[in-house]
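[1] Turn this into a structure:
(chains A and B)
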Amino acid sequence: MRDRREKLERLRASGVDPYSRGFMPTNTTEGAKALLGDAERSRPVALAGRLMVKRLQGGLVFADLQDGHGRIQLMANRNVLGEEEFSRFADLDAGDIIGASGPIFRTKRGEITLEVHSIQLLTKSLRPLPEKWHGLKDVEIRYRQRYVDLIANPQVRAVFRARTRIIAAIRGLLDERGFIDVETPVLQEIPGGGHARPFQTHHNSLDRDLYLRIALELHLKRLLVGGFERVYEIGRVFRNEGLSPRHNPEFTLLESYQAYADYEDVMQLVEDLMVVSAMAADRPLETSYQGESVNLTPPYRRERMADLVLEHTGRHAAGEELNDLFEEHVEPRLRQPTFVLDYPVEISPLARPREDDPRFVERFELIILGREYANAFTELTDPIDQRARFEAQAAMRAAGNVEAHPMDEDFLRAVEYGLPPCGGLGIGVDRLVMLLTDQPSIRDVILFPVMKSEA
RNA sequence: GCUCGCGUAGCUCAACUGGCAGAGCAGGGGACUCUUAAUCCCAAGGUUCAGGGUUCGAUUCCCUGCGCGAGCACCA
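    The predicted structure is shown next:
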């Protein structure tokens, strides 16, 4: 650090701007490598990136230049560059961002290399890079200073590129099927659509408390009332809960709603989404997660919750007890993709009851490796029933259950205008990305995860 | 919030039952015209997370705090 500050001042004194501009690369490192083909030398190209490793060898300097796409070796030759520019090149530090120009050729060892004919220092780096061989391992620094993680660990960049591709593929499929991509409020008066403690905030000029949304559901359904028949949103939601390898207080949720569909149709959609997502992540359907093999090839097994609980525990149960037994005894044992069907009505205040047995609703979750990846139902469209469900939740709330669903009169008013029969879906995007990039922690798929204050 | 583990140089890691805190890489100086974890020589680099305690002596043992991780709780 100190040495580099001094070097910075020396550079300035010698008339070099250590934070210059005006350099435009003609190619990426990968593009430049491809340019060579079978030729001995290419036309001159201009590349820009971060200098990663420097190897001095007398009158030659080899260095690796890293850009957003990859790396290429640079070679500077004293006899080609001239004494002055050669020593300027040799004086560069690992971490500096530079522009380099010259033709591409192959070294005697066969490495595709740019022969440096001119260089420009674009940004001087004042801090040393992590160890070149072991990279950066300290997870605390990796998460707090993700920029360093991304410089030092190319596989981390690959994970986040895969994340972006997965989300693009999801959008692509939904767009193609006529869903429209919408944005609904993050700041809400009534944080509904799920069971979770919200973050509270305050609007100063309205002098009113607001909450960060915990789900997307109720606004998306209002849009179905309004006449949009297929909508979806991929957006950040916030839940005021503990942290774990599977929980970050802010995370990305996909929710979609499709008029005139039911949960059977949504199961089909989920299977299709899983396939396009895996493809986008370059992940085969027969794959593994953290060493455990899993086959994502549809169709997925479909089982009623009550049947699964009976099978695993020998017990007939209903209501919340059924769900508790399921979570404790069944869910952890469901390793291959399974649609668990027909949840108790008590824990599903927004879902449509089964006609043949109103103790249950037309709801499913997709469980893979003991974890939930999707939650969906045939939506409740009866405003009278919906009001009764909210009132039941409000009673639980009054009894001290802070996560019971709050009453939302405006939502009820919307449903009273007429919500078309529809199927809704929610998918935790971060957890899906974890599965498809084989990452053990949600922090590995969120660029800047929530951390405690730095000491 | 609870339990357990971890915290040593910029980075990756050592340091026996408590006995002078070390190496590699990075950074500094030097040699070297086909290296690619370059190599070789020289010098430098520390609040051992913080504070307290036990001890002749603490990186090591004890307590408290902070941070990180895992598990639990919580989170349908």
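[2] From A:G370, how far out is the closest residue to A:P337 other than its chain neighbours?
    Spatial nearest neighbour of A:P337, chain neighbours left out: A:Y300 (4.1 Å); criterion: CB to CB, 6 or more residues apart in numbering. To be clear about C-beta, it is placed using only N, CA and C from the backbone, and glycine gets the same treatment. Distance of A:Y300 to A:G370, given as CB to CB, to the nearest Å: 15 Å.
[3] A:P298 too?
    Taken as CB to CB, the span from A:P298 to A:G370 is 19 Å.
[4] try A:I72
    Relative to A:G370, and taking CB to CB, A:I72 is found at 44 Å.
[5] Spell out whether the helix or strand hosting A:E311 and RNA strand B are in contact.
    Here A:E311 sits within helix A:305-313, counting by DSSP states H and E. No - Helix A:305-313 does not reach RNA strand B (CB under 7 Å from any atom of the strand); its nearest approach is 10.5 Å.
[6] Identify the residues contacting stretch A:62-69?
    Residues outside stretch A:62-69 that contact it (CB atoms under 8 Å, 6 or more residues apart in numbering): A:25, A:28-31, A:47-55, A:71-76, A:89, A:92, A:98, A:100, A:113-114, A:151.
[7] Which of these fall within helices?
    Secondary structure assignment by DSSP state H places A:T29, A:E30, A:G31, A:F89, A:I151 of the contacts of stretch A:62-69 in helices.
[8] Take those and, keeping just the buried ones, write it as a PyMOL select command.
    Typed into PyMOL, the line below selects the buried ones among those, using 16 or more other CB atoms under 10 Å:
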select buried, chain A and resi 29+31+89+151
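[9] ok, so of the ones in helices among the contacts of stretch A:62-69, who is nearest RNA strand B?
    Among the ones in helices among the contacts of stretch A:62-69, A:I151 lies closest to RNA strand B (CB to the nearest atom of the strand), at 11.5 Å.
[10] Hmm, the closest one is touching A:R71, no?
    No - judged on CB atoms under 8 Å, A:I151 makes no contact with A:R71 at a distance of 11.8 Å.
[11] Can you tell me which of the contacts of stretch A:62-69 are buried?
    A:25, A:28-29, A:31, A:47-52, A:54, A:71-76, A:89, A:92, A:98, A:100, A:113-114, A:151.
[12] near RNA strand B, from those residues?
    Answer for the buried ones among the contacts of stretch A:62-69 near RNA strand B (CB under 7 Å from any atom of the strand): A:K54, A:Q73, A:M75, A:T113.
[13] Count the neighbours of A:D149 for me.
    22 (other CB atoms under 10 Å).
[14] Repeat that for A:R302.
    For A:R302, using other CB under 10 Å, the count is 12.
[15] Next: the one 5 residues further on.
    With neighbours defined by other CB under 10 Å, the count for A:D307 comes to 13.
[16] for A:D209, same thing?
    Applying other CB under 10 Å, I find that A:D209 has 10 neighbouring residues.
[17] And the residue nearest to A:P337, how far from A:V309?
    For A:Y300, the distance to A:V309 - CB to CB - is 19 Å.
[18] Does the helix or strand bottoming out on mean pLDDT in chain A reach RNA strand B?
    Least confident helix or strand of chain A, by mean pLDDT, DSSP states H and E, is helix A:2-13 with a mean of 83. Yes - judged by CB under 7 Å from any atom of the strand, helix A:2-13 comes into contact with RNA strand B at A:D3, A:R4, A:K7.
[19] and the residue of the stretch 51-200 of chain A nearest RNA strand B?
    A:G58 (1.7 Å).
[20] if I look at that residue, how far off is A:K7?
    22 Å.
[21] In the stretch 201-350 of chain A, mark out all the strands, start to finish.
    A:208-212, A:230-238, A:250-259, A:286-289, A:292-295, A:301-304, A:338-344 (DSSP state E, counting those that start in this stretch).
[22] Buried residues in the fifth one, which are they?
    Meaning strand A:292-295. So, applying 16+ other CB under 10 Å, buried residues of strand A:292-295: A:V294.
[23] more crowded one of A:G58 and A:K7?
    A direct count of neighbours by other CB under 10 Å for A:G58 and A:K7 places A:K7 higher, at 16 against 6.
[24] mind listing what the closest residue to A:F199 other than its chain neighbours touches?
    With sequence-adjacent residues excluded and distances taken as CB to CB, 6+ apart, A:F199 is closest to A:L212, at 4.3 Å. For A:L212, the contact set (CB under 8 Å, 6+ apart) comprises A:V186, A:L187, A:Q188, A:P191, A:P198, A:F199, A:T201, A:V237, A:F238.
[25] Cool, thanks, talk later.
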